[in-house]
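got a predicted structure here, sequence first:
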Amino acid sequence: MNDVIIIGAGPAGLSAAATCAMEGLQVLVIDEYMKPGGRLLGQLYEDPDGNWWNGIKESENLYKEAQQYGVDVMLQTPVNNIEQTGHIWTVYTESATFESNHLLLATGAAESPVPVPGWTLPGVMSVGAAQVMTNVHRVKPGNKGVIIGVNALSAVIASELQLAGVEVATLALPKLNKLTEEAALPKNVMENLLHVAHMAPSALLRNGSKWIKSDMMKQLAITFYPKSGFKMWGIPVQLRKAVVEIYGEKEVEGVKLASIRSDGEIIPGTEENLACDFVCIAGGLYPLTELAAVAGCPFYLIEELGGYVPLHNDRMETTLDGLYVAGNITGIEGAKIAIAQGTAAGLTIASSHGVSDLESKLEQAIQAIEQTRDKAPFQFDPDIKKGKQIMREKWKEYEAKNSKSPAI
C-alpha cells in the first residue's frame, strides 16, 4: 500500500508528489495522458517582467524533481473509480487496483464547448486542442484561423499560435443565445479582457485599459469600439462582431461574421464572410470534479471559481478523511498557483501521515499561494479572490455545523 496516491500528473500533482516524497513518503502518481505535465505542457507566454514561461520545460523540471525523490508515475492509466472503506482509499484502474490512506485529486480542468452552427466540420477545435497541437506536438492546426470567444485563455493562446507562425485572422464573440450569454455580451467580455491588456505589446491597449474602470466608461468604450477592432499582438480583437456560422463543404472554409449592438443583438444586413481553414472555440474552463463527486464530497456552485467545486480548506483538505484536492479542481487559475497549491497539499498530507514539525512550512506554503495569486499575470476570472473567500466561508459553516458541543 502506498503512503499517498495522487491522481493527476499536472503541475499540482507533480508538485505535491515531490513535496510528499521529500518528507519521506512513498508516492504513486496516476495520469491518463502519455506525458506528465497536464495543461502546463501547452503553455508558452511572456510574463510582464520579460521572462518567458515555457510549460514544456517547467513540466520537465517538475517531473525530474519528482523522479529524483523516488516518486512512481504511471502514465496512460485512466482511473475508473475511487471508494473509501474505513480509512483506506481504493483507486481502480484498468490495469490494477491501488490503496492508500491519503488520496489527492489533482484532476485539473476541461474546456466548456460553445455550440456554433457548423462546429462539426473538420477543422473546428477547442483553443486548448490548438495549443497542444502547436506547442506540444509541433503541428500547425492550419494556416489561417479564427477564434470564437474572447477571454483571457483565448487571448494568450492566440499569441502563442502567432509565435508559431500561424495566422490568427481575428478573435470574435459567439452569437448571443441562452448558452453563450456571458461570453456574447461585449461589456462582460471587455471586463474580462482588461485583465490581460497589460500583456499586450500595444501601448494604447496597456495604458487605455487603466482608464476604463467605471461602468459608464466601459459602456462608452463598447459604444465607440472600432468596427475593425483593436489589435493585440497584431491580431484584431472584435467586441462588436459575432460569428453566426462556420461554413464549408467538407471542411472549414470560413466563418460568417455579423456586427452586433452593445447588448449583443445581431444587426441585420451586416453579415460578411471571412475565409480561414480552421476555427477555435474558446468557451472557458471548468473544474474536473467527477472523482470528487463519486467519493461523496459536498459541492458548491461558485461562478468565480469556474463552476461546481468540492468543499475544501486552505490546507487542501476536503470534508472526507484522507481526501485532498489541489490545482484547477479547486477553481480555475494558472499553473503557478497550481504548483503552490500542490506544495501546500503535499505538506498537509505529510503532516497527516505523521511527519512532525511541518506546521511552519505549511503556513508559509499557504501564504505562498496568496502571493502567487497576487503576482499572477492574468486571472481567468477577475473575481477569483471573491470566489476563494466564499469557499472559506462555506468551510467555516461546515466546521461550525460539525463541531462537537462542549461537555456539560
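That came through fine.

could you pull up phi and psi at L305?
Note on L305: backbone dihedrals following degrees, to the nearest 10 are phi -100, psi 0.

to clarify, my last question referred to L257.
Backbone torsions of L257, given as degrees, to the nearest 10, read phi -100, psi 150.

can you map out the strands along the stretch 301-408 of the chain?
With DSSP state E, counting those that start in this stretch as the criterion, the stretch 301-408 of the chain has strands at 307-310, 323-325.

now what about the last one, what contacts it?
Surrounding strand 323-325, the residues in contact under the criterion Cβ atoms under 8 Å, 6 or more residues apart in numbering are 84, 89, 102-106, 292, 295, 297, 310, 312, 316-318, 345, 348-349. Yep, even glycine has a C-beta here, placed from its N, CA and C like the rest.

rerun that using 7 Å as the cut-off
With contacts defined as Cβ atoms under 7 Å, 6 or more residues apart in numbering, strand 323-325 is touched by 89, 103-105, 292, 295, 310, 312, 316-318, 345, 348-349.

ok, and the closest non-adjacent residue to the spatially most central residue of the chain?
The centroid of the chain falls nearest to I332 when counting by Cα atoms, centre = their mean (4.4 Å). Leaving aside its sequence neighbours, I332 sits nearest to G306 (Cβ to Cβ, 6 or more residues apart in numbering; 3.7 Å).

now swap in M1 and tell me
For M1, ignoring the flanking residues on the chain, the nearest one in space by Cβ to Cβ, 6+ apart is E99 at 4.7 Å.

sketch out the low-pLDDT regions of this protein for me.
Residue ranges of the chain with pLDDT under 70: 46, 48, 192-229, 404-408.

that older thread, so where does the residue nearest to M1 fall, helix or strand?
For E99, the host element (DSSP states H and E) is strand 97-100.

with just CA atoms, put stretch 176-187 into CSV.
In CSV, the C-alpha atoms belonging to stretch 176-187 read as follows (Å, rounded to 0.1, in the frame of the first residue of the first chain):
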residue,chain,number,x,y,z
LEU,A,176,-25.9,35.6,-28.4
ASN,A,177,-28.1,32.8,-27.1
LYS,A,178,-29.0,31.2,-23.7
LEU,A,179,-25.8,29.2,-23.6
THR,A,180,-23.4,32.0,-24.6
GLU,A,181,-25.0,34.9,-22.8
GLU,A,182,-21.9,35.8,-20.6
ALA,A,183,-19.5,35.2,-23.5
ALA,A,184,-21.5,37.1,-26.1
LEU,A,185,-22.2,40.4,-24.2
PRO,A,186,-19.5,43.0,-25.2
LYS,A,187,-19.4,44.7,-21.8
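
so how far is it from its chain's centroid?
In terms of Cα atoms, centre = their mean, to the nearest Å, the centre of stretch 176-187 is found 20 Å from the chain centre.

hmm, back to that, now render the contacts of strand 323-325 as a markdown table, adding distance to V189 and neighbour count.
Listed next are those as a markdown table, based on distance: Cβ to Cβ, whole Å; neighbours: other Cβ atoms under 10 Å:
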| residue | distance to V189 | neighbour count |
| --- | --- | --- |
| W89 | 42 | 25 |
| L103 | 39 | 27 |
| L104 | 35 | 33 |
| L105 | 32 | 32 |
| A292 | 30 | 26 |
| A295 | 36 | 19 |
| P310 | 29 | 24 |
| H312 | 30 | 27 |
| M316 | 32 | 31 |
| E317 | 36 | 19 |
| T318 | 34 | 23 |
| A345 | 34 | 34 |
| T348 | 38 | 26 |
| I349 | 40 | 32 |
